[in-house]
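Visitor: Kindly generate the corresponding structure for this input.
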Amino acid sequence: MGGIISFCVRLVQRWLPEPFIFAILLTLLAAVLSMPICHQTLVEVVLNWGGGVWSLLGFSMQMALVLVGGSALAEAPVVRRGIDRLAVIPKSPMAAIALVTVVSSLTCWLNWGFGLIVGAIFAKAVARRLHGVDYRLLIASAYSGFVVWHAGISGSIPLAMATDGDSLAKTTNGYLTTPVPLDQTLFDWHNVLMVILVIVAITVVNTLMHPRADVVTIDPSLLDVNDDVKENLDKHTPASRMENSRWLSWILSLLGISYLLLRITIGGGTVDLGFVIMLFLFAGLLLHGTPIAYVRAFTKATSSAAGIILQFPFYAGIMGIITGVGASGICLATVISDACIAISTPSTYPLLSFISAGVVNLFVPSGGGQWAVQAPIMFAGASQLGVDSGLTGMAIAWGDAWTNLIQPFWALPALAIAGLSAKDIMGFCLVDLVVSGIIIAGGLLLWAM
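Guide: Sure thing, here's the model as predicted:
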């Protein structure tokens, strides 16, 4: 296995560019493919690209807040002490890899935004306490848990399928008019079994990828806590008293947390991305104690969001290219999905839907975007072939999550926290991609029987 791992690591180190360069190359590839395949002119492609650039602006802000808010929360003294206590549990590098993988997988299954941040922060805390662990593999293990997010309770596709309303029929072009209960998607025993097997498999594989001997693969400065020196403020001025008032923090935090509780208990709301962001913000404010302490922690964390702010508009542009249509009336996403439908049988359709979703995800790395692009096409094919709607939706969901292992877009938060580049972890993730892909493919074939 060591030879395979070394090959994957060398391959990625040599060929995978910085994530922003990867986004540029995908933009050019999508543009070049759309012209001959979809019979679009250069002008149409440029207009589709420009029209899509700002389509993820709100989502970009959400992701930036997830990263910054989660990082600021982790810097709260009480949270840092709790994470540090958990970080001393593993006594060997291999145990550390296994624990980080499991923690990341379970938290991503609960909520993908929460899991992305918690996994990376926990991995960094473990590296700070345990010498000889491969830091690159540790962060890769934290990110690898993300592969189960869309089969978990924050999965946007199964949640959208379970939601009653006109949008369901509209998104699927009328092929799905009644909600699909979660017991036919997320909690179907096939899906639950696939989640368990994938978590077990990547835990074992990640552990086995660690060298037997201790390694030093990290700049020690990346693990520094870098506590800010407290300023000697004159607390006798009205401004300083307000900045250091615990009462202001408590009142505002109580307001925010009360809203979240009411939303769940009375409003019937779900734990979505907005819920997680608000939880991070108000819990961070409460646990830092004073407004000025939280401002300092939040300011310190903002630099890590640079990659998200830069790259999200470009991926939105890519999404605009592959979903945009010209005079021909077709788009690249439709061509990819139709190709899978054309060669499918009822038993192979879920597998090919999974593969096509994985390909589309490289260009549209967003669960909501994936649903909007593929739902009309794939449910039409499912209707023609008589394939179960719940199975079709989960095949798309798994495909969307699967190729995130080699799509640096979603690794940006973890990389920002860790201080690493995509090429440092993607070689390990490539191995996880192969292993998890085999399990998911087998699970979908079993589900279709």
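Visitor: Tell me how far residue 296 lies from residue 290.
Guide: Per Cβ to Cβ, to the nearest Å, residue 296 is found 10 Å from residue 290. For the C-beta atoms, the positions are set from N, CA and C on the backbone; glycine is no exception.
Visitor: In contact with the closest residue in space to residue 173 that isn't next to it in sequence, which residues?
Guide: Distance criterion Cβ to Cβ, 6 or more residues apart in numbering; nearest residue to residue 173, sequence neighbours excluded, is residue 376 at 4.3 Å. Residue 376 makes contacts with 171, 172, 173, 175, as judged by Cβ atoms under 8 Å, 6 or more residues apart in numbering.
Visitor: Show only the entries of those found in helices.
Guide: Counting by DSSP state H, the contacts of residue 376 place residue 171 in helices.
Visitor: okay, the contacts of residue 376 in CSV with distance to residue 39 next?
Guide: Shown next, in CSV, are the contacts of residue 376 (distance: Cβ to Cβ, whole Å):
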residue, distance to residue 39
171, 26
172, 26
173, 22
175, 26
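Visitor: how about the contacts of residue 376 in JSON lines, adding pLDDT?
Guide: Below are the contacts of residue 376 laid out as JSON lines (pLDDT from 0 to 100):
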{"residue": "171", "pLDDT": "76"}
{"residue": "172", "pLDDT": "79"}
{"residue": "173", "pLDDT": "72"}
{"residue": "175", "pLDDT": "78"}
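Visitor: could the contacts of residue 376 go into TSV alongside neighbour count and distance to residue 151?
Guide: Conversion of the contacts of residue 376 to TSV gives the following (neighbours: other Cβ atoms under 10 Å; distance: Cβ to Cβ, whole Å):
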residue	neighbour count	distance to residue 151
171	17	20
172	24	20
173	13	25
175	20	22
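Visitor: of the contacts of residue 376, closest to residue 41?
Guide: Minimum distance to residue 41 across the contacts of residue 376 is 26.6 Å, recorded for residue 173 (Cβ to Cβ).
Visitor: my guess is that closest one meets residue 379, correct?
Guide: Yes. Between residue 173 and residue 379 there is a contact at 7.5 Å, judged by Cβ atoms under 8 Å.
Visitor: What is the neighbour count of the closest residue to residue 274 other than its chain neighbours?
Guide: Nearest residue to residue 274 in three dimensions, chain neighbours excluded: residue 62, at 7.1 Å (Cβ to Cβ, 6+ apart). Look at residue 62: counted by other Cβ atoms under 10 Å, it has 18 neighbours.
Visitor: what's next to the host helix or strand of residue 62, contact-wise?
Guide: Residue 62 is part of helix 57-74 when elements are defined by DSSP states H and E. Helix 57-74 is contacted from outside by 79-80, 83, 113-114, 116-118, 121, 273-274, 276-277, 280-281, 283-284, 287-288, 294, 297-298, 300-302, 304-305, 308-309, 312-313, 316, 366, 368, 412-413, 416-417, using Cβ under 8 Å, 6+ apart.
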